[in-house]
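> predicted model follows, preceded by the sequence.
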Amino acid sequence: MLMRRFIILFYALAAISAVSCNGFLDMHPGNSSEASSSISSVADAKVAINGIMTTMCSSSYYGRNFMLYGDIKGGDMTICSAGRGLDALYSFNQSAQSNSYGSFWSTGYDCIMQINNLIENIERLQDGGADGFSYYLGEALTLRALVYFDLVRLYGLPYSYDKDSYGVPDVTTVLSPSATPRRATVAQNYDRILSDLKEAEPLMSSDKTPVNGYVGYYANIALQARVYLYMQNYDSALAAAKTIIDDKAYTLYEPSEWADSWSRQFGSESIFELSIDTQTDLGTASLGYYMMRYHQLKNAQGWFLASDYFLNRLGKDPSDVRWGVMDNDEYGEDNGIVRNGACYKYMGGLEMAGDGKETATAVDVKVIRLSEIYLIAAEAELHSSVPDKGLAAGYLNEIRKRSPDLAPATASTISDDMILDERSKELFGEGQRFFDMMRMNRSIEYNDDLNDVPVSARSKTIDRTFGKIVLPIPQDEINANPVIALQQNSAY
């Protein structure tokens with residue numbers, strides 16, 4: 001693991017330098033000598049996978065902004081003071097020309113570009129009789145599905161709301177500099193995502209051993225469960241979730257273990273975890289820094305705090321073990337109260353021990369955890385074609401144990417709202433809340449009363465009819481690919 005993310009020489013430089021303003025995903029044609037020779041061995045394929053995941057760890061993606069996005073826009077995070085950075089995510093003050101957050105698009109398609117290059121090279125080698133690449137092909141397809149799933153949620157309307165609306169361009173080959181791909185529909189994007197996942201599944205099924213720092217068989221199945229849930233294909237979501245639960249390759253933490261689990265790498269719940277090391281550690285620009293209280297450490301600005309809505313939800317049980325990663329924030333200190341809105345998941349807990357590396361900010365990002373799978377199972381069972389509310393309550397209660405003073409769910413009390421509340425408490429800071437609220441057609445209320453924070457581009461409450469629930473196609477992409485200008489999201 002220590003050597004896993006060494007500097008990628010020929011591959012990363014060639015791949016990253018291929019992106020320019022001259023064309024959409026401007027890169028060498030698929031038959032160029034560089035593209036056709038960049039992967040020639042299994043070792044090269046592993047280097048390429050490392051390069052893709054290094055890109056995924058950037059501040060524009062899982063390293064920070066994407067993980068914040070869901071809770072900032074979802075109402076579980078608020079800001080104590082304007083002007084500290086990323087305010088426009090909270091206020092929806094975004095446009096194609098300014099505050100476009102276009103790095104979500106460029107980083108996502110940088111990953112797609114690298115993945116497509118890897119896939120084409122593996123297929124070329126396999127056609128020539130080479131062996132040993134199947135698992136890496138499965139990894140690449142699974143990663144492509146994950147990136148596309150994230151992109152279509154950022155730029156496309158929820159599947160359950162308007163699946164025929166614009167999604168993102170479906171690019172599965174190495175493009176020429178002159179390529180001008182159009183946006184696919186949301187439904188077409190989901191078809192691609194599932195196609196990649198189903199193609200990858202048998203390629204990875206020969207070795208189901210949990211893998212650290214890479215996508216494995218169960219990460220593929222977990223992503224299928226997540227995707228099917230968003231499509232409201234509850235039977236398929238339940239089947240995928242039950243595969244993971246019933247196989248027992250992963251185990252839930254006991255309540256007493258939960259808070260300390262954030263100081264561990266590759267724990268018993270971690271199905272897919274991105275390694276953060278010296279190469280990808282963002283330091284004072286990290287997720288951990290952005291969620292701690294003002295001046296907890298030098299340069300910490302108290303960027304984002306838990307909202308009162310989240311704290312009231314968690315506060316239904318003062319003994320909830322998830323308080324173990326929350327601490328008093330700037331607003332509480334300034335007003336002489338205890339307001340535990342600062343979160344230390346990504347500093348290894350309140351002691352800021354990290355997860356065993358040289359710096360506390362180099363904490364791995366847990367992309368998919370077993371607790372989410374139980375919550376998916378609860379929701380999917382509740383809405384399955386032959387629902388069993390007792391079983392749904394059982395899945396939910398495995399996570400609800402972390403709130404020991406709350407009454408367990410029963411067949412008569414379990415509801416979507418109860419499951420959504422539990423998802424909020426369990427997955428805070430993990431990029432889920434906004435997308436949950438949108439797919440479930442819930443209104444979101446924002447904690448603007450915390451302080452005098454100007455919110456210029458939206459009302460205090462929004463729902464999925466608000467045009468800016470999707471990001472704008474950034475102006476740089478429109479300049480590079482004029483065809484897509486005619487497909488800009490309507491609010492922009």
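Perfect, I can see it now.

> what mean pLDDT does the helix ranked longest in the chain have?
Looking only at the chain and at elements set by DSSP state H, the helix with the highest residue count is helix 103-127. Averaged across helix 103-127, pLDDT comes to 97.

> so who does residue 100 touch?
For residue 100, the residues meeting the contact criterion (C-beta atoms under 8 Å, 6 or more residues apart in numbering) are 94, 471-472, 474-475. No exception for glycine: its C-beta is placed from N, CA and C like everyone else's.

> over to residue 138?
Taking C-beta under 8 Å, 6+ apart as the criterion, residue 138 is in contact with 200-204, 220.

> narrow these to those that are buried.
Burial by neighbour count, judged by 16 or more other C-beta atoms under 10 Å, picks out 200-201, 203-204, 220 from those.

> out of the residues you listed, what pair is the most spread apart?
Comparing every pair within those by C-beta to C-beta identifies 203 and 220 as the most remote, at 9.1 Å.

> all helices of the stretch 351-492 of the chain, in order?
Counting by DSSP state H, counting those that start in this stretch, the stretch 351-492 of the chain forms helices over residues 370-383, 389-400, 416-426, 433-439, 475-480, given from the N-terminal end onward.

> what's the angle between the second one and helix 370-383?
In other words, helix 389-400. With axes from the mean of the first three to the mean of the last three C-alpha atoms, to 10 degrees as the criterion, the two stretches helix 389-400 and helix 370-383 enclose an angle of 160 degrees.

> packing partners for helix 389-400?
Identification of packing neighbours for helix 389-400 by 3 or more C-beta pairs under 8 Å, 6 or more residues apart in numbering; DSSP states H and E yields helix 370-383, helix 416-426.

> buried sites along stretch 190-209?
Within stretch 190-209, the residues that count as buried by 16+ other C-beta under 10 Å are 190, 192-194, 196-197, 200-201, 203-204.

> so, low pLDDT: which residues of the stretch 351-492 of the chain?
Residues of the stretch 351-492 of the chain meeting the criterion pLDDT under 70: 452-457.

> ok, back up a step: closest to residue 85 among the contacts of residue 138?
residue 220 (35.1 Å).

> tell me the mean pLDDT over the helix or strand hosting that closest one?
Assigned by DSSP states H and E, residue 220 belongs to helix 217-230. Mean pLDDT, taken over the full extent of helix 217-230, equals 98.

> picking that back up, pipe the contacts of residue 100 into JSON lines and attach neighbour count per row.
Supplementary listing: these in JSON lines, determined by neighbours: other C-beta atoms under 10 Å:
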{"residue": "94", "neighbour count": "21"}
{"residue": "471", "neighbour count": "25"}
{"residue": "472", "neighbour count": "23"}
{"residue": "474", "neighbour count": "21"}
{"residue": "475", "neighbour count": "17"}
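
> stretch 114-125: how far from the chain's middle?
Its chain's C-alpha centre and that of stretch 114-125 lie 24 Å apart, by C-alpha atoms, centre = their mean, to the nearest Å.

> count the neighbours of the closest residue to residue 375 other than its chain neighbours for me.
With C-beta to C-beta, 6 or more residues apart in numbering as the criterion, residue 375 has its nearest non-adjacent residue at 5.3 Å, and that residue is residue 423. Residues lying near residue 423 (other C-beta atoms under 10 Å) number 23.

> show me what contacts residue 423?
With C-beta under 8 Å, 6+ apart as the criterion, the residues that contact residue 423 are 372, 375, 432-433, 436.

> could you check the pLDDT of the spatially closest residue to residue 156 that is not a sequence neighbour?
Distances taken as C-beta to C-beta, 6+ apart place residue 167 nearest to residue 156, at 3.9 Å, with adjacent residues excluded. Here the pLDDT value assigned to residue 167 is 98.
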